[in-house]
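>>> need a 3D model of the sequence below.
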Amino acid sequence: MMLWTLRFLIVLFYFRNAFALKKQFCAPSDNVCLTKAVQEHVYDKFVKGLNGVEPSDPLYLDKVIVNQANFNYTLYRPMLLGMRNCNFMKLRLTQDEISKVTYELECPNLTIKAGYEVKGTINRIQAEGKDFCEIAFGVYNLNISGIYERTMGDDGKLHFHILSYNLELDQKAVSTVSYHNLFTHPTGMDDYFGKNLEKQTRDLVMKKFLNKYVNNLKDFQRIVPIEEVHFRFVSE
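Numbering: from 1, shown residues only. Take a look at the predicted model:
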């Protein structure tokens with residue numbers, strides 16, 4: 001009986017300590033803590049969306065139009081899937097004369113699906129098509145850098161606010177493309193034309209998607225105060 005009681009007390013002790021966690025707020029200069037906080041309990045919440053914040057996976061656009069001297073290209077109701085699978089690599093804050101913020105993400109398996117229409121010439125290959133297309137990236141790296149401030153919200157709490165930002169897009173990401181009913185002259189060059197079309201329009205298309213992503217992030221920061229974001233649960 002005494003042995004059983006001793007075992008029970010040992011189990012109870014470890015059980016209690018396993019769940020004895022306290023809330024630790026991250027200092028603005030502690031980039032390791034800030035990054036882990038986003039990884040552990042913020043990023044998934046943001047991507048799923050909440051009241052007043054649109055989900056960021058998938059991201060929808062109404063239309064993307066690219067008119068170049070040699071071709072006209074339109075994506076109809078395009079959507080970007082896979083942001084929920086991104087690995088949040090780093091959140092870095094610096095406070096010198098200007099308060100700066102950097103977000104770094106590594107996104108495997110991002111996919112764009114859309115209706116499309118194209119007509120024109122790339123590298124002397126003429127093409128015309130209108131149907132459905134799919135563009136898939138193996139790994140897409142994204143860097144968002146900007147200037148921020150802390151503001152007092154209507155709830156009486158401090159909120160993070162991005163004043164301006166820049167997107168560092170990934171031209172090196174490997175992609176696979178599929179354009180249904182794309183016809184070329186000479187014939188049989190649809191895959192070649194599609195790959196070059198994607199490369200020449202990638203930054204413009206991704207910038208439109210990622211601008212919406214950042215707008216969602218700004219909505220999230222407007223609604224969710226810093227005290228509910230920049231913290232971790234650690235053992236006592």
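>>> show me what counts as buried in the top helix by length along the chain.
What stands out as the longest helix in the chain, according to DSSP state H, is helix 190-223. Within helix 190-223, the residues scored as buried using 16 or more other CB atoms under 10 Å are 190, 193-198, 200-202, 205-206, 208-210, 212-214, 216-222. Where C-beta positions appear, they are placed from N, C-alpha and C, glycine not excepted.
>>> what's the helix or strand following it packed up against?
Later in the chain than helix 190-223, the nearest helix or strand by DSSP states H and E is strand 231-235. Packing partners of strand 231-235 (3 or more CB pairs under 8 Å, 6 or more residues apart in numbering; DSSP states H and E): strand 21-25, helix 31-37.
>>> closest one to residue 79 among those?
Nearest to residue 79 among the helices and strands packed on strand 231-235 is helix 31-37 (28.4 Å), distances taken as CB to CB.
>>> so where's this protein shaky on pLDDT?
Applying pLDDT under 70 to the chain picks out residues 1-20, 236.
>>> if we use 90, what do you get?
1-24, 28-29, 94-98, 231, 233-236 (pLDDT under 90).
>>> got the phi and psi for the residue nearest to residue 68 when sequence neighbours are not counted?
Counting by CB to CB, 6 or more residues apart in numbering, residue 68 lies nearest to residue 120, which is 7.2 Å off, once chain neighbours are set aside. Backbone torsions of residue 120, given as degrees, to the nearest 10, read phi 160, psi -160.
>>> tell me the most buried of the helices and strands packed on strand 231-235?
With neighbours defined as mean count of other CB atoms under 10 Å, the helices and strands packed on strand 231-235 peak in mean count at helix 31-37, which reaches a mean of 18.
>>> mind listing the residues bridging to the residue nearest to residue 68?
residue 71, residue 127 (DSSP bridges).
>>> if we can go back for a sec, in TSV: the helices and strands packed on strand 231-235, plus distance to residue 114.
Output for these, formatted as TSV (distance: least, CB to CB, whole Å):
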stretch	distance to residue 114
strand 21-25	43
helix 31-37	33
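>>> contacting residues around the residue nearest the centre of the chain?
The centroid of the chain falls nearest to residue 83 when counting by CA atoms, centre = their mean (4.8 Å). Residue 83 is in contact with 47, 56-59, 107, 110, 213, counting by CB atoms under 8 Å, 6 or more residues apart in numbering.
>>> now those as JSON lines including secondary structure?
Formatted as JSON lines, the contacts of residue 83 follow (DSSP: H, G, I helix; E, B strand; the rest coil):
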{"residue": "47", "secondary structure": "helix"}
{"residue": "56", "secondary structure": "coil"}
{"residue": "57", "secondary structure": "coil"}
{"residue": "58", "secondary structure": "coil"}
{"residue": "59", "secondary structure": "strand"}
{"residue": "107", "secondary structure": "strand"}
{"residue": "110", "secondary structure": "strand"}
{"residue": "213", "secondary structure": "helix"}
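>>> and which of those residues is nearest residue 182?
Distances from residue 182 to the contacts of residue 83, taken by CB to CB, are shortest for residue 110, at 21.6 Å.
>>> count of neighbours near the closest one?
25 (other CB atoms under 10 Å).
>>> doesn't residue 59 make contact with it?
No - taking CB atoms under 8 Å as the definition, residue 110 is not a contact partner of residue 59, at 10.0 Å.
>>> which neighbours do these two have in common?
In contact with both residue 110 and residue 59: 80, 83, using CB under 8 Å, 6+ apart.
>>> so what's the closest residue in space to residue 160 that isn't next to it in sequence up against?
Nearest-residue entry for residue 160: residue 221, 4.5 Å, with adjacent residues in sequence omitted and distances by CB to CB, 6+ apart. Contact partners of residue 221, counting by CB under 8 Å, 6+ apart, are 159-162, 229.
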